[in-house]
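Novice: sequence first, predicted model second:
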Amino acid sequence: MIKKIDNLNAIKILITGGAGFIGSHVVRRFVKKYPEYEIYNLDSLTYAGNLENLQDIENEKNYHFLRVDISNAEKIDDIFHTYKFNKIIHLAAESHVDRSIHDPSIFLKTNVIGTVNLLNAARNNWSKASGNNLFYHISTDEVFGTLGEEGLFTETTPYKPNSPYSASKASSDHFVRAYGETYNLPYIISNCSNNYGPNQFPEKLIPLFIKNIIESKPLPVYGDGNYTRDWLYVIDHAKAIDLAFHKGENKSSYNIGGFNEYKNIDLVKLLCAKMDEKLNRNQGASENLINYIKDRPGHDKRYAIDASKIYQDLGWKPSVTFEIGLDKTIDWYLNNEEWLNRLTSGKYKDYYLNKYPNK
């Protein structure tokens, strides 16, 4: 339900994918921190979208939910015309590499066509003379491809995506830049490293392995496990998005990383040790669950972000080390096992039906 808005001159921000993992943290932050803003959470509620993530703010006066698929151009045009958004924070995306290998077409539809639909709606509804508009596009470090043993991704690293997922995100990045140059659409792009933290759908490594350890199930590790990733605590990412949104330079990009490089196998062993401690199991019990499996096609060897630009320009840096963030994350999942079980059973979808029975 869309609540009546008394202030017609309010800043109206459309946040796409706001019921997802990163999106829900961004929506919560903006709703609570900026009560003068009208926040519209747009999500199509695919398997990764969960309105339970936002129960604590769903009744706030400045929060509104729209169930819309960004691949539906007509519907996107309609809501832009109706609600007259000033700004967009675009997070909606298919994001799991394994799923992209299985069916790339879904990633083309959502990540590329969906982004272009939003760009067209913004271009058609925003006045070029306004100066009060912004299209903020959140992307990934995977668009840069893979690194060797040394080096970091910077904002000027050439794009070289190696999976259907990263190719779709690279394409969407290019479209945002092209609309900025061709139509003078104001934009910012940020490319982040692997996020972790509360509310993540348990298809990704950390929540999946937490659940499997709880249930003493195998921990599937690709190849030899020596793939390196940089890890970013999701709440720190939301803070960085807030800063870039408010203080970032038009037509700029920012790399957002956690300064936490870990090989997958080292991360898994650290997670196992922490879980054994928290579950009062013998040390080594969870590590015995590790199961090396066949590597996936096009597996990038190493990602690592140089986040010095956003630190120097905007003053952002991670607030927690990986070990502290991982402790917080494990504790959250252990304290929210019912939430975790509803996700894996599919029962979390009932929340939407109960909340919006006529939609």
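Specialist: On my side now, so go ahead.

Novice: what's near enough to touch Pro198?
Specialist: Residues near Pro198 by CB atoms under 8 Å, 6 or more residues apart in numbering: His25, Val234, Lys328, Thr329, Trp332, Tyr333, Asn336. The way it works is simple: take the backbone N, C-alpha and C, and place the C-beta from them, glycine included.

Novice: columns pLDDT, distance to Phe175 and secondary structure on top of those residues, output as TSV?
Specialist: Formatted as TSV, the contacts of Pro198 follow (pLDDT from 0 to 100; distance: CB to CB, whole Å; DSSP: H, G, I helix; E, B strand; the rest coil):
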residue	pLDDT	distance to Phe175	secondary structure
His25	98	25	helix
Val234	98	26	helix
Lys328	98	36	helix
Thr329	98	33	helix
Trp332	97	35	helix
Tyr333	96	36	helix
Asn336	94	37	coil
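
Novice: now, which of those residues sits nearest Asp69?
Specialist: Using CB to CB, His25 comes nearest to Asp69 of the contacts of Pro198, at 22.0 Å.

Novice: tell me the contacts of the closest one?
Specialist: His25 neighbours (CB under 8 Å, 6+ apart): Gly197, Pro198, Asn199, Val234, Ile235, His237, Ala238.

Novice: if you set the cut-off to 6 Å instead, what comes out?
Specialist: Contacts for His25 were tallied using CB atoms under 6 Å, 6 or more residues apart in numbering; they are Val234, Ala238.

Novice: state the distance from it to Pro198.
Specialist: Per CB to CB, to the nearest Å, His25 is found 8 Å from Pro198.

Novice: can you check Val112 too?
Specialist: Distance from Val112 to Pro198, by CB to CB: 29 Å.

Novice: please apply the same query to Cys272.
Specialist: 20 Å.

Novice: kindly list the main-chain dihedrals of the nearest residue in space to Ala307 that is not next to it in sequence?
Specialist: Distance criterion CB to CB, 6 or more residues apart in numbering; nearest residue to Ala307, sequence neighbours excluded, is Gly257 at 4.3 Å. For Gly257, the backbone dihedrals (degrees, to the nearest 10) come out as phi -130, psi 170.

Novice: hang on, isn't Gly257 packed against Asn191?
Specialist: No. With contact defined as CB atoms under 6 Å, Gly257 does not count as touching Asn191 (8.9 Å).
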